[in-house]
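Q: The following block contains a protein sequence and its predicted model.
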Protein chains: 2
Amino acid sequence: MKHFYSYSLSVFLVSALLYSPTGTAQEKTTYLTAAESDPVKLGWMVGSPPPPDRILHFEDGSFFEFPALRWSVAHMRQFMPTVNVSRGLGNAIPLSVDLRTDIDALKYVPLGEKKAITWEEGLQKNYTDGILILHHGTVVYERYFGALTPDGQHAAMSVTKSFTGTLGIVLAEEGLIDPSKLVADYLPELKNSAFGDATVRQVMDMTTALQFSEDYADPNAEIWKFSAAGNPLPKPKDYQDPKSYYEYLPTVKKSGKHGTAFGYKTVNSDVLGWIIARVTGKTVPTLLSEKIWQKIGTEQDGYYSVDATGTPFAGGGYNLGLHDMARFGQLILNNGVVSGEQIIPKSAIADIRKGGDQKAFKKANYKLLKGWSYRDMWWITNNEHGAFCARGVHGQVIYIDPKADMVIVRFASHPVAANGANDPYSLPAYHAVAKFLRATK
Amino acid sequence: MKHFYSYSLSVFLVSALLYSPTGTAQEKTTYLTAAESDPVKLGWMVGSPPPPDRILHFEDGSFFEFPALRWSVAHMRQFMPTVNVSRGLGNAIPLSVDLRTDIDALKYVPLGEKKAITWEEGLQKNYTDGILILHHGTVVYERYFGALTPDGQHAAMSVTKSFTGTLGIVLAEEGLIDPSKLVADYLPELKNSAFGDATVRQVMDMTTALQFSEDYADPNAEIWKFSAAGNPLPKPKDYQDPKSYYEYLPTVKKSGKHGTAFGYKTVNSDVLGWIIARVTGKTVPTLLSEKIWQKIGTEQDGYYSVDATGTPFAGGGYNLGLHDMARFGQLILNNGVVSGEQIIPKSAIADIRKGGDQKAFKKANYKLLKGWSYRDMWWITNNEHGAFCARGVHGQVIYIDPKADMVIVRFASHPVAANGANDPYSLPAYHAVAKFLRATK
């Protein structure tokens, strides 16, 4: 399997993406700590030239092996072709800042443990690269570690899906997409695939029934062909499989009945991205730039990885700055309003916040996400604060807590992809700081 | 030669880079006009997916064949790995704008012709993608064509060399580089190459004597191995040649005596980039960001293409916005001052402006560049206005006219790489508008 073309960003991002429902095996491995694996200390790609054992490559996957991945998540464009998400040429809308010094000492008990740890200790447990908290729209906490800087950009991994989902529901509220229609109504190319008789809504909420295994131990798992299809590197001459996302998606087969169970499969996001491109005539990055990035006062462009035909990876290819991810989170928390202006329809945010089918979600059997649901490619906690979030492997998150009027954005480079590995230190920390902020200010 | 690994950005950029001294043959070919080859009209990479005959690839060189190159020059990052040149997070310094309507009708006689054409006609002759004129620091003219937009970024091609040269002379004035020292004093790796006994000054002024052919008809020309070395795509397993810029440069052989004749060879710029990286411990893009890009009020990040080890292409890999290229030109015209602050040493600009060895330049026999010289990787016209410029293939330019207090920046996508093809319509146009502006305001 170790041909250069069978590796791809997609493998690493999509992987899990695969949120390990059983979530056990991987945690037993011992990894370097956050301090030991500090990518700046390890000196990846530094030097003229860098030492041979510090040079990372895309084609052999070395760039995304831990601990090197800690450097690569902040330098994805250096390994692959990308497209820009322009912020336009105007000035940013400054974030107000009033930093608190009482958050680091905040204590919480990690899931499955008995002893409390501090918020600051949790940052290391989670291999945090950057974290920022907005409370009442003001930055109250901001820290950077690893290879990330305030003016750097970090892979959002599957947080990308929530950008795609937000654009999808915005277009639906604007009348360009009818979620009750069949996917094939928009994409005749998918008529004979699993998606053909699925509704757009089922795609948006990932209740499609797909034969799509993300089991890397299985050389016949569908994930391998999907990844190879999305790999931007040249294909060998005798390569017979799909050569792009749009060539791959029509090959996805149905397994079961749509609309009954939540099944977290990245290909749904890429189908939604395709529908968005078809109805608007614009790529997801272009639309994101026009509808959101240029309008919420961002301070940096973002970028997407692309396949060999220029199609952006709508399921996991977005890279952006921490401040700007906070601005996007605040847009959602503010029901689509920035500086008094309604940027995206309030009804779109309402649709996200009302959540998805909890019964369908339950069937996916996430041990740590009891009572959650999934809507418009956002994760809905249904906790006492009505929190909801965008989640990406290795610990990326946009966590929105309406009751506490709080947004947490975090980039991370946890050695384990599946969020099941960092959730025990993340989810209770988010809720603890939300309760703390709500109580103290 | 048509292996994917023997193609590379470098081939296309370095090529000529090769400013054809004799400059004849190519012009005889008939090309689509600017209007006929409009990349927006031709629809490259548009659609979900784009039509098969509108999909461009890096590995087979199709992305850089005319007329497709007209689209690609504004989308280079979509074909290759890149690194960012951060503008920082502050606000841009706005360019003052006072557009004139009397420039389009300005007439001039192209070199070698008898009949005058208008400035506006010349824009089409030169396949202009974007052009902007600053007079007394104010934008008096700005136009966009082809695939370029004000918030887009365009390949600067060999204009990149002037960025490298500027950083080099800045470091020299700051005392970090001694131009009179030998290259091998800084880069022991080059001791046994042609560069070993060349001075840094000879590298900066390209009076090194190198055995380095850019003759594409010759399969043994050095340019092929240089290009293959810089190609970021994975090398085949049995690949024995240099795999990066830094592996290639030590293999360059000497031919003749250093310091006697100007020889425009891209490898000089990459050697200077290497010296810069060695003495500062920073890459050229990082240093450019810190010393210039973050300090002159730019409104967009720029980016460099890189080889497989992350080394930026200091000889031709920079991409940037038109406004920001104008800001850089104005910095140079203003002797290093922006908003009253000395950003880079005045003495560095003075060193550029004093020009290089005209006798050495003459030996290169440029028919259209009589009396010019080359200094710090800038082209010095020695005309009556003391104009000097940065030049890149297919028509990229920063043209600085001190006497007229004028900067012209232009991005273009001329079908012929060598500037000899567009100079007849460019050089007299620049001088005509300089005289016009000087006289009228």
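A: Right, received. Where do you want to start? Numbering: from 1, shown residues only, chains lettered A, B, ... in the order given.
Q: doesn't residue A:69 make contact with residue A:31?
A: No - the pair residue A:31 / residue A:69 is not scored as a contact, 11.2 Å apart, by CB atoms under 8 Å. C-beta: built from backbone N, CA, C; applies to glycine.
Q: ok, the two, which is more surrounded?
A: A direct count of neighbours by other CB atoms under 10 Å in any protein chain shown for residue A:31 and residue A:69 places residue A:69 higher, at 25 against 16.
Q: Phi and psi next, for the more buried one.
A: Per-residue torsions, residue A:69: phi -60, psi -20 (degrees, to the nearest 10).
Q: try residue A:88
A: Per-residue torsions, residue A:88: phi 80, psi -170 (degrees, to the nearest 10).
Q: residues near it, how many?
A: 17.
Q: what does residue A:105 give?
A: 10.
Q: How about the contacts made by it?
A: Contacts here follow CB atoms under 8 Å, 6 or more residues apart in numbering or on different chains; on that basis residue A:105 touches A:118, A:119, A:120.
Q: Which of the three states applies to it?
A: coil (DSSP: H, G, I helix; E, B strand; the rest coil).
Q: Next: residue A:439.
A: Under three-state DSSP, residue A:439 comes out as helix.
Q: now residue A:328
A: Under three-state DSSP, residue A:328 comes out as helix.
Q: Near chain B, which residues of the stretch 301-441 of chain A are found?
A: A:301, A:303, A:306, A:308, A:309, A:310, A:311, A:323 (CB under 8 Å from any CB of the partner chain).
Q: Give me the pLDDT for the nearest residue to the fifth one once chain neighbours are set aside.
A: Once its chain neighbours are removed from consideration, residue A:309 has its nearest residue in residue A:244; the separation is 4.4 Å (CB to CB, 6 or more residues apart in numbering or on different chains). Model confidence at residue A:244, expressed as pLDDT, equals 97.
Q: mind checking how far residue A:244 is from residue A:250?
A: Counting by CB to CB, to the nearest Å, the separation of residue A:244 from residue A:250 is 11 Å.
Q: Settle it for me: which of these two has more neighbours?
A: residue A:244 (20 against 17).
Q: helix/strand/coil for the one residue in the stretch 251-400 of chain A that gets nearest to chain B?
A: Using CB to the nearest CB, the closest approach of the stretch 251-400 of chain A to chain B is made by residue A:277 at 3.9 Å. Following three-state DSSP, the label given to residue A:277 is helix.
Q: Pretty sure residue B:50 is one of the things it touches, is it not?
A: No - using CB under 8 Å, residue A:277 is not in contact with residue B:50; the gap is 10.8 Å.
Q: one step back: and the residues of the stretch 301-441 of chain A next to chain B, which of them are in strands?
A: Among those, DSSP state E puts residue A:303 in strands.
Q: which among the residues of the stretch 301-441 of chain A next to chain B gets closest to residue A:78?
A: residue A:303 (11.4 Å; CB to CB).
Q: and residue A:365, how many neighbours?
A: Using other CB under 10 Å, residue A:365 has 12 other residues around it.
Q: can you check the one 3 residues further on too?
A: When counting by other CB under 10 Å, one arrives at 16 neighbours for residue A:368.
Q: quick one on the thing from earlier: put together TSV for the contacts of residue A:105, with distance to residue A:353 on each row.
A: Formatted as TSV, the contacts of residue A:105 follow (distance: CB to CB, whole Å):
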residue	distance to residue A:353
A:118	31
A:119	26
A:120	31
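Q: which phi and psi does residue A:141 have?
A: Main-chain torsions, residue A:141, degrees, to the nearest 10: phi -160, psi 140.
Q: Which residue is the nearest non-sequential neighbour of it?
A: Nearest one to residue A:141, counting by CB to CB, 6+ apart, is residue A:133 at 4.0 Å.
Q: for the one you found, helix, strand, or coil?
A: Assignment for residue A:133 (three-state DSSP): strand.
Q: Pairing partners for it in the sheet, please.
A: residue A:141, residue A:408 (DSSP bridges).
Q: Count residues in the vicinity of it, would you?
A: Neighbour tally, residue A:133, other CB under 10 Å: 27.
Q: what separates it from residue A:400, distance-wise?
A: 11 Å.
Q: Spell out which residues are contacts of both of the two.
A: Counting by CB under 8 Å, 6+ apart, the residues touching both residue A:133 and residue A:400 are A:406, A:407.
Q: Alongside chain B, which residues does the stretch 151-300 of chain A contribute?
A: Close to chain B, as judged by CB under 8 Å from any CB, the stretch 151-300 of chain A has residues A:151-153, A:233-234, A:244, A:246-247, A:274, A:277-278, A:283, A:299-300.
Q: Please, where are all the strands along the stretch 301-441 of chain A?
A: A:302-305, A:318-320, A:337-338, A:341-342, A:373-375, A:378-380, A:388-392, A:396-401, A:406-412 (DSSP state E, counting those that start in this stretch).
Q: For residue B:226, which of those strands is the nearest?
A: Closest to residue B:226 of those, according to CB to CB: strand A:302-305, at 28.0 Å.
Q: Neighbouring strands - and their directions - for the closest one?
A: Here, using DSSP bridges, strand A:302-305 pairs with strand A:82-85 (antiparallel), strand A:318-320 (antiparallel).
Q: any residues touching the shortest one, and which ones?
A: If I follow you right, that is strand A:318-320. Against strand A:318-320 from outside (CB under 8 Å, 6+ apart): A:76-77, A:82, A:85, A:153-156, A:159-160, A:163, A:300, A:302-305.
Q: can you give me the helices in the stretch 51-200 of chain A?
A: Remark: helices assigned in the stretch 51-200 of chain A by DSSP state H, counting those that start in this stretch are A:69-72, A:119-125, A:159-173, A:183-186, A:200-204.
Q: swap that for the stretch 201-350 of chain A, please
A: A:222-230, A:245-248, A:266-280, A:284-288, A:322-333, A:346-353.
Q: Include mean neighbour count when you put the ones you listed into a markdown table, please.
A: What follows is those, written out as a markdown table (neighbours: other CB atoms under 10 Å in any protein chain shown):
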| stretch | mean neighbour count |
| --- | --- |
| helix A:222-230 | 24 |
| helix A:245-248 | 23 |
| helix A:266-280 | 26 |
| helix A:284-288 | 25 |
| helix A:322-333 | 24 |
| helix A:346-353 | 19 |
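Q: Select, out of those helices, the one closest to residue A:238.
A: Using CB to CB, the nearest of the helices of the stretch 201-350 of chain A to residue A:238 is helix A:222-230, at 13.3 Å.
Q: Run the angle between the closest one and helix A:266-280 for me.
A: 40 degrees (axes from the mean of the first three to the mean of the last three CA atoms, to 10 degrees).
Q: Centre of the chain to helix A:222-230, how far?
A: Remark: helix A:222-230 is offset 19 Å from the chain centroid, using CA atoms, centre = their mean, to the nearest Å.
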